[in-house]
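[1] Compute the structure for the input listed below.
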Amino acid sequence: MVKVVIAGCSGRMGHALLEGVFADSELVLHGALDRAESIQIGRDAGELFGKVTGVKISANVAEVLKGADVLVDFTRPEPSLEYIAACRQVNVKLVIGTTGFTADQKKQIEAAAQNVGVVFAPNMSVGVTLLINLVQAAAKVLNEGYDVEIIEAHHRHKVDAPSGTALRLGEAAASALGRNLESCAVYGREGVTGERDANTIGFATVRGGDVVGDHTVLFAGIGERVELTHKASSRATFALGALRAAKFLADKKTGLYDMQDVLGLK
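    Alright, predicted model coming up:
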């Protein structure tokens, strides 16, 4: 049994992760973390699901991590970095689905992976992981005469843009095309922009309602378009992928992995 700690357990993803743990016979809920000011502190983590687990929601990271195998985190970069540091100290592995990290913050994740096993991916969905591979394959074929645009949509509460998944898709396309995303990305267009530079990769962001997550990579040529699309209708898809990653880490003492490693696509 893999002993799992869920961070941000009272949030939307936290609920999906808890439900996933309860449904998986290979996992057991070891701990549940939330913000110190949360009204859920002290309640049983299974209360929302009609379960009595004996696991109380807590803000005491050090206490909750004692005896745990892996922490699953889909919160925000600032609390994530605190969780990462704490896990590194007590040799608890990490599954990180948080997005919005800066380049320097990502280096802290890389450093932690020297001490503990880490799966870090902007999207834990099995379908999105496959989409990344498909984008790479398409870009290698459609490498001349096709413009690459990435369109993503998420719910009104998402605070970072473009999404981490959109950026990862952009990196996949850029890599296959022999480009550097940092230098070829265009994140917004307004006014008289001039003709499109054929070497750029464009991003368009939509925010509204309760959209879980839609991503489309568009290869637009003359006379035809190729569109690769993934649409998530439930956060369960991300939770199931993350918990699959938690089980993947069972025999990994150290190292930095992504969902392609988890799914054996490398």
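[2] Isn't M259 up against F238?
    No. M259 is beyond contact range of F238, at 10.4 Å (criterion: Cβ atoms under 8 Å). In this view, the C-beta of every residue, glycine as well, is placed from N, C-alpha and C.
[3] Neighbour count for these two, which is higher?
    For M259 versus F238, neighbours defined as other Cβ atoms under 10 Å are more numerous around M259 (27 against 24).
[4] what does stretch 82-89 rub up against?
    For stretch 82-89, contacts defined as Cβ atoms under 8 Å, 6 or more residues apart in numbering pick out 7, 33, 61-62, 65, 71, 73, 75, 92-94, 96, 108-109, 112, 115-116.
[5] Which residue ranges of this structure form helices?
    Taking DSSP state H as the test, the helices found in the chain are 12-23, 61-65, 77-90, 103-112, 126-141, 164-177, 181-184, 236-248, 259-262.
[6] Which elements pack onto the second one?
    Contact analysis of helix 61-65 by 3 or more Cβ pairs under 8 Å, 6 or more residues apart in numbering; DSSP states H and E lists strand 27-33, helix 77-90 as its packing neighbours.
[7] May I see the buried residues of that helix?
    Going by neighbour count (16 or more other Cβ atoms under 10 Å), the buried part of helix 61-65 is 61, 64-65.
[8] Go through those and say which is closest to R189.
    Looking at these and their distance to R189, the nearest is V61, at 42.8 Å (Cβ to Cβ).
[9] Count residues in the vicinity of the nearest residue to that closest one once chain neighbours are set aside, would you?
    Nearest residue to V61, sequence neighbours excluded (Cβ to Cβ, 6 or more residues apart in numbering): A86, at 4.8 Å. Counted with other Cβ under 10 Å, the neighbours of A86 add up to 17.
[10] okay, A86: pLDDT?
    pLDDT recorded at A86 is 97.
[11] now the end-to-end length of stretch 21-31.
    Using Cα to Cα, to the nearest Å, the end-to-end distance of stretch 21-31 comes out at 11 Å.
[12] Relative to the whole chain's centre, how far out is that stretch?
    How far stretch 21-31 lies from its chain's middle: 20 Å, per Cα atoms, centre = their mean, to the nearest Å.
[13] same check, this time on stretch 126-139
    Centre-to-centre, stretch 126-139 and its host chain are 15 Å apart (Cα atoms, centre = their mean).
[14] What residues sit buried inside that stretch?
    126, 128-132, 135-136, 138-139.
[15] Mind splitting this structure into its structural domains?
    The domain map for the chain lists 2-120+235-262, 126-232, with the assignment taken from automatic domain parsing.
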